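In: sequence? don't have it. structure:
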């Protein structure tokens, strides 16, 4: 079975790590004799953006071809035809986010004549260029391109509504699959030195987040909101990306550079998140952030703007600390309230853990993806 993955980026972000997790799980389910083994080909619209490779099982059959037609450029008929021809020979095409939409259109235009495999598209949210609002031209482009997709998978109710309304997708094509994680792995607290290059000193408190260092995550806002916390509090940002220098500059401007720690990407969040005392998000745009689920499973309280489905994701006890989007003062207040009250953090964190264990275990998510992929291929089961 040959699967083609067309990513807007395969950097180590939430959707990419979920895709890697599914690849690992489905690979592990192949027959012992290899009769149902899966070969994966992964393409990134951003050249060289393959940071999520570290999360893949080394035993998987995965290729990262350098000669696949670029997913970026003007959507001319000749270019789209080259992309469509490159899809031949696969059993299923999985495309991800706006950066792969030219390939989705290529599949729509040339799928029948070239007898291309079925395509399932995944939308997980928006970059900074659509964080403040959807672009009408892109809505029309998506509407046209997605008409040839077997399914459109979204992780949040907000994105589901956008797909049905702004993108005019039929109900039968849109599938809401809530992000899940192996919640049991987050129950045991990790050892103090679990994060390479960083150790937690006695008496220190950590406000933490997991995020790609991208503009849409607005991590300078998190630094500014953090700056008012007492000196025993440190800000730990796990992730990599192009905004590192901007975040560091903001920390210097706020005189908290000595309390900011950015050790980079951590491939196993279950061995890191439990070291936090409080979790915070500062994004301009999210849908159903996996990092919030990870924090909940680790028993943490969450301070966050009300972006995407966050306000519905967290426990009832936590919802007072989900603040209006863009309101930096309100986010700083939520962080300060939770930081000042250990008993409150414990109560809210316990409620979050219970909710994560009840609603966000990955087994439900994995079964749902297997059903969508299998149905697209006309198979009784997947893999």
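Out: Perfect, I can see it now. No experiment lies behind these values; they were computed from the predicted model shown. Residues are numbered from 1 along each chain as shown.
In: let me see the ranges of the helices in the stretch 51-200 of the chain.
Out: All helices of the stretch 51-200 of the chain, identified by DSSP state H, counting those that start in this stretch, fall at 77-86, 101-114, 136-145, 157-165.
In: my bad, should have said the stretch 251-383 of the chain
Out: Going by DSSP H, counting those that start in this stretch, the stretch 251-383 of the chain shows helices at 290-297, 310-313, 328-339, 342-359, 362-377.
In: report how many residues lie close to residue 70.
Out: 12 (other CB atoms under 10 Å). Where you see a C-beta, it was placed from the backbone N, CA and C, and this is true even at glycine.
In: ok, it - contacts?
Out: Taking CB atoms under 8 Å, 6 or more residues apart in numbering as the criterion, residue 70 is in contact with residue 45.
In: how far away is it from residue 13?
Out: Residue 70 sits at a distance of 21 Å from residue 13 (criterion: CB to CB, to the nearest Å).
In: what of residue 71?
Out: In terms of CB to CB, residue 71 sits 17 Å off from residue 13.
In: do the same with residue 23
Out: Distance of residue 23 to residue 13, computed by CB to CB: 15 Å.
In: circling back to that earlier point, please work out which of the helices of the stretch 251-383 of the chain is packed deepest.
Out: Of those, the one with the most neighbours on average (mean count of other CB atoms under 10 Å) is helix 290-297, at a mean of 28.
In: distance between the ends of stretch 309-324?
Out: Counting by CA to CA, to the nearest Å, the length from the leading to the trailing residue of stretch 309-324 is 13 Å.
In: quick revisit: more neighbours: residue 23 and residue 13, which one.
Out: The residue with more neighbours, out of residue 23 and residue 13 and counting by other CB under 10 Å, is residue 13; that gives 28 against 23.
In: check contacts around that one.
Out: By CB under 8 Å, 6+ apart, the contact list for residue 13 reads 52, 212.
In: got the buried residues for the least confident helix or strand in the chain by mean pLDDT?
Out: Among the helices and strands of the chain, helix 14-28 carries the lowest confidence by mean pLDDT, DSSP states H and E, at a mean of 91. Residues of helix 14-28 classed as buried by neighbour count (16 or more other CB atoms under 10 Å): 14-23, 25-27.
In: just the angle between that helix and helix 290-297, please?
Out: Regarding helix 14-28 and helix 290-297, their directions subtend 70 degrees when assessed with axes from the mean of the first three to the mean of the last three CA atoms, to 10 degrees.
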